[in-house]
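A.B. asks: sequence-free structure coming up:
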């Protein structure tokens with residue numbers, strides 16, 4: 001393996017690349033233009049339960065069947081001559097069962113046909129769990145919308161009417177209690193109205209949209225309102241193609257994400273970074289079939305807050321899940337549903353240094369079809 005040169009304390013020294021790759025916790029496999037295995041790290045040996053001496057020089061098909069998606073994935077990386085990231089890939093490993101993984105591949109510069117492949121098991125499962133969580137949150141929120149609208153809102157109007165009549169016939173402390181009943185009834189009605197937003201949109205109008213116009217509107221609205229003391233940093237890629245989407249839903253998606261990010265930071269040092277980029281190799285394999293959706297348009301919203309409470313991470317997109325004192329827990333559940341409506345993917349990373357949400361969306365092609 002080639003040597004990688006680095007510098008420390010103004011003294012140069014060389015580190016063998018094998019030491020670097022060998023220290024990584026996920027499998028790394030390097031294959032030639034003929035799919036001969038040129039290198040495996042320790043994690044790859046454990047992954048396939050074979051020693052490197054048995055793997056080096058053998059074909060990739062000695063580990064994975066000819067029909068395995070990983071064989072096709074390596075071919076695509078080689079042909080595209082660019083890095084590719086693919087979620088939700090089901091792999092069968094004769095010596096280690098099967099599972100769902102994320103594949104990351106990149107061609108080696110100046111080494112024709114050579115591909116570096118990495119396999120991410122835990123990260124993939126987490127990504128897919130989160131994606132399934134968002135879809136499940138969308139479905140459960142929709143069911144609750146119908147139930148609450150019909151079973152809760154109607155009797156609330158009767159309760160409020162009775163409280164109004166009561167207020168007219170009492171005085172003093174009793175009058176304030178009657179007023180409290182009305183106020184709390186109004187609050188519950190408002191909550192039901194918010195949940196009703198989750199009702200299925202049977203005919204969702206979509207059109208080609210410049211995502212930056214949406215983000216500019218959201219940031220401007222936030223800057224003059226609830227986030228007037230937050231420092232917004234915009235890092236936009238002006239070459240991005242149009243997204244095929246519903247304008248109102250997209251505004252609400254990013255408005256909710258920006259609002260959450262703003263509330264997570266501490267003034268006056270609070271900062272929210274809104275970034276767009278094109279990721280040509282990102283795709284999501286749809287469950288129950290072979291079809292893959294390409295999601296090259298990425299919008300990320302990152303804050304410098306303290307991160308998400310670990311106790312709610314696994315149910316973060318579920319309705320009514322919140323740690324805010326006056327929060328309803330509906331904002332991110334709505335985001336989950338709206339992103340799902342667009343055939344997109346939402347994921348997040350969080351630590352004590354902040355949280356970053358990434359929304360991946362399909363683009364509008366020149367022929368008018370979704371990517």
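C.D. replies: Yep, that arrived. Since we're looking at a predicted model, the values are computed, not measured.

A.B. asks: Show me the helices in this structure, by range?
C.D. replies: Along the chain, counting by DSSP state H, helices occupy 17-22, 42-48, 52-55, 69-80, 122-151, 153-169, 173-195, 211-223, 247-264, 331-341.

A.B. asks: Would you mind finding the most buried of those?
C.D. replies: helix 331-341 (a mean of 23; mean count of other C-beta atoms under 10 Å). In this view, the C-beta of every residue, glycine as well, is placed from N, C-alpha and C.

A.B. asks: Report pLDDT for residue 359.
C.D. replies: Residue 359 is assigned a predicted lDDT (pLDDT) of 92.

A.B. asks: you'd agree it is up against residue 295?
C.D. replies: No - using C-beta atoms under 8 Å, residue 359 is not in contact with residue 295; the gap is 9.1 Å.

A.B. asks: Please identify which of the two sits among more neighbours.
C.D. replies: residue 359 (25 against 21; other C-beta atoms under 10 Å).

A.B. asks: Report the contact partners of the more buried one.
C.D. replies: 253, 254, 257, 298, 299, 300, 339, 344, 345, 346 (C-beta atoms under 8 Å, 6 or more residues apart in numbering).

A.B. asks: what's the overlap in contacts for residue 359 and residue 295?
C.D. replies: 344, 345.

A.B. asks: Select, out of the helices of the chain, the one closest to residue 353.
C.D. replies: helix 247-264 (11.4 Å; C-beta to C-beta).

A.B. asks: now the closest one, how far from the centre of its chain.
C.D. replies: Averaging C-alpha positions (C-alpha atoms, centre = their mean, to the nearest Å) puts helix 247-264 14 Å from its chain's average.

A.B. asks: Could you list every helix and strand in contact with it?
C.D. replies: strand 207-209, helix 211-223, strand 271-278, strand 297-303, helix 331-341, strand 354-361 (3 or more C-beta pairs under 8 Å, 6 or more residues apart in numbering; DSSP states H and E).

A.B. asks: Just the buried residues of the third one, please?
C.D. replies: Residues of strand 271-278 classed as buried by neighbour count (16 or more other C-beta atoms under 10 Å): 271, 272, 273, 274, 275, 276.

A.B. asks: Now flag whichever of these is closest to residue 209.
C.D. replies: Nearest to residue 209 among the buried residues of strand 271-278, with distances taken as C-beta to C-beta, is residue 276, at 12.8 Å.

A.B. asks: does the closest one really touch residue 215, like I thought?
C.D. replies: Yes - assessed by C-beta under 8 Å, residue 276 is found in contact with residue 215 at 7.2 Å.

A.B. asks: Looking at the helices and strands packed on helix 247-264, which is nearest to residue 55?
C.D. replies: The nearest among the helices and strands packed on helix 247-264, by C-beta to C-beta, is strand 354-361 at 33.7 Å.

A.B. asks: when you compare where that closest one runs with where helix 331-341 runs, what's the angle?
C.D. replies: With axes from the mean of the first three to the mean of the last three C-alpha atoms, to 10 degrees defining the directions, strand 354-361 sits at 30 degrees from helix 331-341.

A.B. asks: Which residue ranges make up each domain of this protein?
C.D. replies: Residue ranges for each domain of the chain read 3-120, 152-198, 207-361, as given by automatic domain parsing.

A.B. asks: circling back: give me the common contacts of residue 276 and residue 215.
C.D. replies: Residues touching both residue 276 and residue 215 (C-beta under 8 Å, 6+ apart) are 236, 299.

A.B. asks: gap between residue 93 and residue 39?
C.D. replies: 19 Å (C-beta to C-beta, to the nearest Å).

A.B. asks: Can you check the pLDDT for residue 117?
C.D. replies: 91.

A.B. asks: Could you report the neighbour count for it?
C.D. replies: For residue 117, using other C-beta under 10 Å, the count is 21.

A.B. asks: And the pLDDT for the nearest residue to residue 43 once chain neighbours are set aside?
C.D. replies: Nearest non-adjacent residue to residue 43, counting by C-beta to C-beta, 6 or more residues apart in numbering: residue 27, 4.7 Å away. Residue 27 is assigned 87 on the pLDDT scale.
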